[in-house]
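Asker: I would like to see how this sequence folds:
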Amino acid sequence: MDIKRYFVDQLKGVYQERIANAGQAESSAAEAAEHIRGESSRQEDAKAAAMEGRLSSGHRRRRKQAVTEMETLLDFAEKGIKRFRPTDKVGLGAMVDVRIQDDVGEEERTLLVLPVGAGEELPGPGGDGWVQVVTPRSPVGKALVGAREGDSFEVVVDGRDREWTVVDLG
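Answerer: You can find the predicted model right below:
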């Protein structure tokens, strides 16, 4: 099994769920607005209908954004996910083990650099571990892309200055 493909498929599932949920919420809000408009002529009800209409529009924007990101992910996956050697520089499609140190302590994480999905934590096969998605536009992704095994960099995350070290690249 190609582990990167597995995680990309997991992220596709996240987007499918987002799209479905946003579509349902959009429809429900649009139906509620229409129902309120049809039932009453009171000004309070007109305000409530307008609010439901704005909710519907917000859910539509959220759905369209998720569709756009899903298409970006599908395009990326269709081109093939690069295999990285330990001597390569981190780039799109890299799976990277990092050690993170700050004044509180040290931890290790596995990151997957993808064009979309920043911050998503995806479970491994059979519940074995997880990876966190970073994008080249995220603060960690900006610092990570172009790094090599053994490189360290500092990034402020959640208001804490942390030193990140690339431990393994694959």
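Asker: rest of the way, CA atoms for contacts and neighbours
Answerer: Noted.
Asker: Let me see the backbone angles for the residue lying closest to Val134 once chain neighbours are set aside.
Answerer: Closest residue in space to Val134, ignoring its immediate chain neighbours: Ala118 at 4.6 Å, by CA to CA, 6 or more residues apart in numbering. Here is the backbone geometry of Ala118 (degrees, to the nearest 10): phi -50, psi 130.
Asker: Let me see the backbone angles for the residue positioned nearest the centre of the chain.
Answerer: The chain has Gly117 as the residue nearest its centroid, 1.9 Å off, counting by CA atoms, centre = their mean. Dihedral pair for Gly117: phi 100, psi 20, per degrees, to the nearest 10.
Asker: Give me the nearest residue to it, chain neighbours excluded.
Answerer: Of all residues not flanking Gly117 in the chain, Val133 sits nearest, at 6.0 Å (CA to CA, 6+ apart).
Asker: Just checking: what are the partner strands of the helix or strand the one you found falls within?
Answerer: If you go by DSSP states H and E, Val133 is part of strand 130-134. According to DSSP bridges, strand 130-134 has the following sheet partners: strand 105-113 (parallel), strand 121-123 (antiparallel).
Asker: What are the contacting residues of that strand?
Answerer: 7, 109-114, 116-124, 140-141 (CA atoms under 8 Å, 6 or more residues apart in numbering).
Asker: Mind checking which of the residues you listed are buried?
Answerer: Neighbour counting over the contacts of strand 130-134 (16 or more other CA atoms under 10 Å) leaves 7, 110-114, 116-118, 121-123, 140-141 as the buried ones.
Asker: okay, those in TSV with pLDDT and distance to Val67 next?
Answerer: Formatted as TSV, the buried ones among the contacts of strand 130-134 follow (pLDDT from 0 to 100; distance: CA to CA, whole Å):
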residue	pLDDT	distance to Val67
Phe7	95	18
Thr110	96	26
Leu111	97	23
Leu112	98	21
Val113	98	20
Leu114	98	16
Val116	97	11
Gly117	97	12
Ala118	95	15
Glu121	96	19
Leu122	96	19
Pro123	94	22
Val140	94	25
Gly141	96	22
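Asker: any idea which of those residues is closest to Met95?
Answerer: Leu112 (4.5 Å; CA to CA).
Asker: partner residues bridging the closest one?
Answerer: Met95, Val133.
Asker: hang on, Glu52 packs against Ala29?
Answerer: Yes - contact criterion CA atoms under 8 Å: Glu52 and Ala29 qualify, at 5.2 Å.
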